[in-house]
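Trainee: structure, please.
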Amino acid sequence: MLKKVFLAAATCAVIAGATITAPVTAQAMTCEDAAKMKYPDSIMDRAKYKRSCKKAYKASMGKEGPLATLKMKMMDKS
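Mentor: Residues are numbered from 1 along each chain as shown. Model (predicted):
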């Protein structure tokens, strides 16, 4: 009887752990979607916003800028 109680408790712990650590999927908004939401009528403003959004994203990810080449060189050494 005690063995069944421990087995049930262990099973509940595994199931609870799996549900807590399950990844939550969220739909990511692209720069194009953000531009359409901000400027629904003006194509030129939308294009400018999209370019600035992409540039900011690339800069935050380290694909542009003065430290990008240094970062790539360090990754090549690894």
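
Trainee: the host helix or strand of Ala9 - what's its average pLDDT?
Mentor: According to DSSP states H and E, Ala9 maps onto helix 2-20. Across helix 2-20, the average pLDDT comes to 70.

Trainee: what's the answer for stretch 55-63, then?
Mentor: Stretch 55-63 comes out with an average pLDDT of 75.

Trainee: and what of stretch 33-43?
Mentor: pLDDT averaged over stretch 33-43 gives 92.

Trainee: from the opening residue of it to its closing one, how far?
Mentor: Start to finish, the residues bounding stretch 33-43 are 13 Å apart (C-alpha to C-alpha, to the nearest Å).

Trainee: one step back: right, and the helix or strand after the helix holding Ala9?
Mentor: Scanning forward in sequence from helix 2-20 by DSSP H and E, the next helix or strand is helix 31-38.

Trainee: in that following helix, which residues are buried?
Mentor: Neighbour counts over helix 31-38 (16 or more other C-beta atoms under 10 Å) mark 31, 35 as buried. Using the backbone N, CA and C atoms, a C-beta is placed for each residue, glycine as well.
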